[in-house]
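A.B. asks: Take this sequence and fold it.
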Amino acid sequence: MQRLRVVLMLLGISWAVFPSPGHAQSVGEVFRKVNPSVVVIRAKGRDVTAAAGGLVRYNETGSGVLISADGKVMTAAHVVNAVDEITVELVGGAPVNARVVSSEPAADLSLLQLDSVPAGAVPARMANSDTVRVGDQVLVVGAPYGLSHALSVGWISARWAPNTVYKSMPLAEFFQTDAVINMGNSGGPMFNMAGEVIGIVSHNISKSGGSEGLGFVVSMKTARLLLLERRSFWTGLEGQIVSGELAAIFNIPQASGYLVKTVAKGSPGWDMGLMGGDKIAVIAGEQVAVGGDIILSVEGVPVGQADDHDRIRDILTKKSPGAPFRVKILRSGKIIELTGKAP
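C.D. replies: A predicted model of the protein is given here:
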């Protein structure tokens, strides 16, 4: 009998240290817990397309996640970075206007600020994404093809260090997942089984146009660093670097420049008077938006090389709100200087 009591005591200690499987959350329980923090983002913008013969207006639907009680929302940069209007919808709530306060296209991340926070809004908890391992089960919640608050479940397939997957997004640490990701999921959260956000959905790779189990999600470590700790500067610009043959064709008086395609209304770029393109031309076999300004330098730092971009990013990020900054541009063959203000 004494021996039995000792065995039961040991078992009791084991149960206290290792909770029974019955205490683990099911996928459904996690979804119901985190869904109130997931938002649908609807954006309106302008683009220059060859099909339309010039400027065209468009609507974009994406996803995001509320991360603070004062109305900050994380999403993907390609959903909101260069658009004119943004509205955000929480579960069962009316649309709320929002604005970009920080954006880093080089990691496909943006931070929004809601004009007002609906009653009952529940911010998500952010995880330490360094603890995520290949093989962990994950949940993605978003608005694929505009179908709000849809759930997909999968696993972490791989983890990629910055500048190892996409040269166009060198700052992003990516999780690869087989959870289904489609258009409209971009910017939405990926959760662990504890209901914590471990990353922000960026995109998938697809030959068919649908989901093929190759989804890429920016880690929360990257999102915290670039949106909350360093607060990357939002310009409101979309465009491309032109160098080599293209630079010569545009008569750029230096090795390279940034050709502006779109300028978001209300952005620092818009307020300083930068102009975007108005038509598409095929130059050296490449479709290029022309008619817009070409940025030559920012605060005296030339535009073009990766190191230059890092220097410009650091200079602008350190600017206090309202602080001026200088931009030298090429417009209609003339070099002029514009002055902007940090948001």
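
A.B. asks: burial count for T222?
C.D. replies: When neighbours are counted by other Cβ atoms under 10 Å, T222 registers 22. Where you see a C-beta, it was placed from the backbone N, CA and C, and this is true even at glycine.

A.B. asks: swap in the one 10 residues further on?
C.D. replies: For S232, the tally of surrounding residues (other Cβ under 10 Å) stands at 23.

A.B. asks: which residues of the stretch 101-250 of the chain fall in strands?
C.D. replies: For the stretch 101-250 of the chain, the strands identified by DSSP state E, counting those that start in this stretch occupy 109-114, 125-126, 137-142, 150-160, 174-177, 189-191, 196-204, 215-219, 237-243, in order along the chain.

A.B. asks: quick one: buried residues of the first one?
C.D. replies: Pointing back at strand 109-114 there. For strand 109-114, burial by neighbour count (16 or more other Cβ atoms under 10 Å) applies to 109-114.

A.B. asks: quick one: strands adjacent to it?
C.D. replies: If you go by DSSP bridges, strand 109-114 pairs up with strand 72-75 (antiparallel), strand 96-104 (antiparallel).

A.B. asks: Quick check: which of those strands is buried the most?
C.D. replies: Each of the strands paired with strand 109-114 was assessed for mean neighbour count using mean count of other Cβ atoms under 10 Å. The highest is strand 72-75, with a mean of 28.

A.B. asks: For that strand, which outside residues touch it?
C.D. replies: Defining contact as Cβ atoms under 8 Å, 6 or more residues apart in numbering, one finds that strand 72-75 is touched by 39, 41, 62-67, 88, 98, 101, 109-114, 186-189, 197, 200, 223, 227.

A.B. asks: cool, and stretch 268-278?
C.D. replies: Counting by Cβ under 8 Å, 6+ apart, the neighbours of stretch 268-278 from elsewhere in the structure are 46, 48, 54-55, 233-239, 259-264, 289-293, 295, 327, 329, 331, 338-343.

A.B. asks: Could you check the pLDDT of G304?
C.D. replies: Taken from the predicted model, the pLDDT recorded for G304 is 84.
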